[in-house]
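Undergrad: Sequence unavailable; structure follows:
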């Protein structure tokens with residue numbers, strides 16, 4: 001899988017097949033929780049709250065992984081690891097990039113849902 005590939009295509013296909021008509025509900029939940037986690041990440045990055053940043057990144061990483069959103073999952077994992085190590089260098093910029101990645105991931109999920 002390339003670094004720029006948003007999804008693990010095989011995992012996404014499996015989720016689409018398993019969820020069927022419930023997929024829109026799952027994507028809605030991802031959007032709602034993702035917005036909350038992104039807000040927490042922005043706040044933690046601005047206030048240099050390493051623990052808060054790590055926790056929010058961890059939660060978004062899990063949600064992304066459950067949907068096969070490999071690029072978002074990997075980015076969140078990197079932020080979580082850095083924050084747990086106390087390294088907040090460039091945290092705000094990194095969170096801004098994750099916000100863009102989250103938006104692209106959500107747009108692709110919406111495209112998949114609409115069919």
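TA: That came through fine. Treat the numbers as computed from the prediction; the structure is a model and nothing was measured.

Undergrad: In contact with residue 113, which residues?
TA: By Cβ atoms under 8 Å, 6 or more residues apart in numbering, residue 113 lies in contact with 23, 24, 27. Heads up, the C-betas are built off the backbone N, CA and C, glycines and all.

Undergrad: What residues sit buried inside the particular helix or strand that has it in it?
TA: Using DSSP states H and E, the element containing residue 113 is helix 91-114. If you call a residue buried by 16 or more other Cβ atoms under 10 Å, then helix 91-114 has these buried ones: 91, 94, 95, 98, 101, 102, 105, 106, 109, 112.

Undergrad: and what of stretch 28-39?
TA: So, applying 16+ other Cβ under 10 Å, buried residues of stretch 28-39: 30, 34, 37, 38.

Undergrad: which one of those is nearest residue 15?
TA: Closest approach to residue 15 among the buried residues of stretch 28-39 (Cβ to Cβ): residue 30, at 10.8 Å.

Undergrad: leaving aside the residues next to it on the chain, what's closest to the closest one?
TA: Of all residues not flanking residue 30 in the chain, residue 63 sits nearest, at 5.6 Å (Cβ to Cβ, 6 or more residues apart in numbering).

Undergrad: Same check on residue 70?
TA: That would be residue 8: by Cβ to Cβ, 6+ apart, it lies 4.5 Å from residue 70.

Undergrad: hang on, that neighbour packs against residue 72?
TA: No: assessed by Cβ atoms under 8 Å, residue 8 is found out of contact with residue 72, at 11.1 Å.
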